[in-house]
Every structure is written in structure tokens, then in C-alpha cells.
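K.L.:
Could you work out the structure for the sequence below:
(one chain, ligands or ions: 2)
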Amino acid sequence: MRGAGRGKAVDEPALLSIEGVSASFGKRRILDDVSFTVEPSSIVAVTGRSGAGKTTLLGIISGLMKPDGGRVVYKGQNILKWGDFKRSRFRNREIGFVFQFFNLLPDMTSYQNIFYPAIISPRSRNLKEKVDYLVGYLGLEKILHQYPATLSGGERQRVAVARAIINNPRIILADEPTGNLDERSANDILSLFKKLRDENGMAIVIATHDSRTVASADVHFNIDDARLQRIEPPERRKKSRRGR
Ligand SMILES: Nc1ncnc2c1ncn2[C@@H]1O[C@H](COP(=O)(O)OP(=O)(O)O)[C@@H](O)[C@H]1O
Ligand SMILES: [Mg+2]
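P.N.:
Ligands and ions are numbered 1, 2, ... in the order given. As a prediction, the model looks like this:
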């Protein structure tokens, strides 16, 4: 039973729950009555063909996009009821974003890119120490003073992950983060996500096409024809068959 493990009280709300969310662009329904929960220390993979609504779903989770209906509940509160200020503070503080094309600021070095969200929304008093810690943790020492254009894809994505976690978010939303990386760099990013899950208790929601990312996830959902469905991993299906 999900949520019952990890010593959690039964009536404690999930970190994040999406409840009956629907979204449309014009007359086209992109998401139809979508519900799921995200627990701390978990990796959630969301798959679906291109145009299925993965990015839209991440936008709704972050409070950037308002759905037509439903609730987005963070620690027991519906964020859709919050005003713009509170929602953007939530986004800056509780959410870290990682994108397929990295979205680093081209005129800033790795170091400055990592610092940037903390300047926008300061959280840590020992910011310099925090950055130094992250740089060591993510192995970024050698590329710290380089500009994004001079970095490989894998390096850019590691800088982007550092930037995403500088404010100590509870949730990372990653939109096809390995979609533009070679296999080795993709594996590095996945290892990093697992480390953040295991050592920092972060929840990581990843929109992806990549089967390795799905295999690394604790929970897998697929969006098809605007509906979200939970997919059980083949391993578990085999095990439960054997158990019968
Ligand atoms: N701002 C927008 N206006 C109109 N249609 C949009 C907009 N954003 C996305 N869409 C459409 O919504 C559908 C879902 O898009 P998206 O969430 O980006 O899918 P995915 O990330 O799974 O590829 C697509 O058909 C896309 O064209
Ligand atoms: Mg997308």
C-alpha cells in the first residue's frame, strides 16, 4: 500500500496530490480527471507520446498553469486557491525545475547560474557554503567558471540540477531531462536524482520518453488520450504472479 511504508501516519496528507485535474487548450481536452499522489523520497516517471500533456501536467503541479478543474494539494493545502504571490513563492522555494534544453542563462558562468535562484528567493544564510557543498556533491569544480556554451550536454544538465536544488526544494520537476543527453550523461543525471531521493528525501517527477528513466522510477504513470494511468513494473507483475 502506497504511503503506508516509511513510517508514515495513515491520515497524514501526501506531500503532493493531484485530484481530479482536467485541462484544455481551446476545445481540446489535454488532461481528463487526472489524479495521483507524490510521496517524499520517490521518483515518479510520467510517460506519454509527444503532445500527450506531460509538460502541461508539470506546469499544473508547479502552479504555473491553472487547470479547468480539480485540486492540486501541497502539504494539505490547495495551491489553486492561493494568490499569485503565494504561488510564485511556493514555486521558488518548494520546486526545482530541470529542462530538456537545460535553460541556463548564457551570459552567466556555471557558478552564477547555480547562485541565481537563491538571489531571486533567498533561503539560506550560508549561501556560499551551500554552493560550495553542491559543487563538490555534483562534481562541478572543474567547470565552475565556464559559460554554458563551453560545456557538454551532461555538464550543462549537472549545472541545471545544482541550480534546481540550491533552494532546497521538496520536489524536483524534470521535463525530459535526459532527452538531449548521451547514455553516460543520462545515467549520471539518473544517479544524481536517486542520490537526491535517498539522501535528501526529495520527490522527483520526471516527464520522459526514456526507458532507463522509467526503470529507475519508483512509480510510473502514462498519459494516453488525456487519461493518466498507473503502470505496474514488469518485475512486480512477475513477482505477484509467482506469489500466487
Ligand atoms: N499554450 C498552448 N496553447 C495551445 N495548445 C497548447 C499549449 N501548450 C500545449 N498545447 C498543446 O497541448 C498538448 C499537450 O502539450 P504538452 O503538455 O506540451 O505535451 P507533451 O509535453 O506531452 O509533449 C499538445 O497538443 C500541445 O500542442
Ligand atoms: Mg513536453
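
K.L.:
The biggest helix by length in the chain: which residues count as buried?
P.N.:
Counting residues, the longest helix found in the chain (DSSP state H) is helix 183-200. Residues 185-186, 188-190, 192-193, 196-197 are the ones in helix 183-200 that count as buried (16 or more other CB atoms under 10 Å). (C-beta placed from N, C-alpha, C; glycine too.)

K.L.:
Then stretch 109-120?
P.N.:
In stretch 109-120, counting by 16+ other CB under 10 Å, buried: 109-115, 117-118.

K.L.:
can you pull the contacts of the residue nearest the centre of the chain?
P.N.:
Nearest to the mean C-alpha position of the chain, by CA atoms, centre = their mean, lies L173 at 2.0 Å. When contacts are counted by CB atoms under 8 Å, 6 or more residues apart in numbering, L173 touches 58, 61-62, 95-98, 205.

K.L.:
State whether it is indeed within a strand.
P.N.:
Yes. Assessed by DSSP: H, G, I helix; E, B strand; the rest coil, L173 belongs to a strand.

K.L.:
thinking again about what came up before, touching ligand 2 at all, the next helix or strand after the longest helix of the chain?
P.N.:
Helices and strands here follow DSSP states H and E; after helix 183-200, the next one along the chain is strand 203-207. No. Residues of strand 203-207 contacting ligand 2 under CB under 5 Å from the ion: none, with a closest distance of 5.9 Å.

K.L.:
how far off helix 183-200 does strand 203-207 point, in degrees?
P.N.:
Here the directions of strand 203-207 and helix 183-200 differ by 150 degrees (axes from the mean of the first three to the mean of the last three CA atoms, to 10 degrees).

K.L.:
Would you mind getting the angle between strand 203-207 and strand 171-175?
P.N.:
Using the same axes, to 10 degrees: strand 203-207 against strand 171-175 is 10 degrees.

K.L.:
Name the surrounding residues that touch the next helix or strand after strand 203-207.
P.N.:
Counting by DSSP H and E, the next helix or strand C-terminal to strand 203-207 is helix 211-216. Residues outside helix 211-216 that contact it (CB under 8 Å, 6+ apart): 43, 45, 47, 178, 186-187, 190, 193-194, 206, 208, 220, 233.

K.L.:
can you list those in TSV and add pLDDT and distance to S24?
P.N.:
Formatted as TSV, the contacts of helix 211-216 follow (pLDDT from 0 to 100; distance: CB to CB, whole Å):
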residue	pLDDT	distance to S24
I43	98	29
A45	98	24
T47	98	21
T178	95	29
A186	93	33
N187	93	37
L190	95	33
F193	96	31
K194	96	35
I206	98	24
T208	96	24
H220	97	25
P233	79	31
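
K.L.:
closest to ligand 2 among the residues you listed?
P.N.:
T208 (9.8 Å; CB to the ion).

K.L.:
burial count for the closest one?
P.N.:
Neighbours of T208 under the rule other CB atoms under 10 Å: 24.

K.L.:
which residues does L190 contact?
P.N.:
L190 neighbours (CB under 8 Å, 6+ apart): 178, 212-213, 216.

K.L.:
now these: which count as buried?
P.N.:
So, by 16+ other CB under 10 Å, the buried ones in the contacts of L190 are 178, 213, 216.

K.L.:
Show me the strands in this structure, by range?
P.N.:
All strands of the chain, identified by DSSP state E, fall at 16-25, 28-38, 42-47, 69-74, 77-78, 95-99, 171-175, 203-207, 219-224, 227-231.

K.L.:
re the thing from before, and which of the contacts of L173 is nearest to ligand 2?
P.N.:
Proximity of the contacts of L173 to ligand 2 (CB to the ion) peaks at L58, which lies at 7.9 Å.

K.L.:
roughly how far apart are the closest one and F115?
P.N.:
24 Å (CB to CB, to the nearest Å).

K.L.:
again, but for F101
P.N.:
F101 is 21 Å from F115, by CB to CB.

K.L.:
hang on, the earlier thing: mind putting the buried ones among the contacts of L190 into a markdown table with distance to ligand 2?
P.N.:
Below are those laid out as a markdown table (distance: CB to the ion, whole Å):
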| residue | distance to ligand 2 |
| --- | --- |
| T178 | 13 |
| T213 | 14 |
| S216 | 19 |
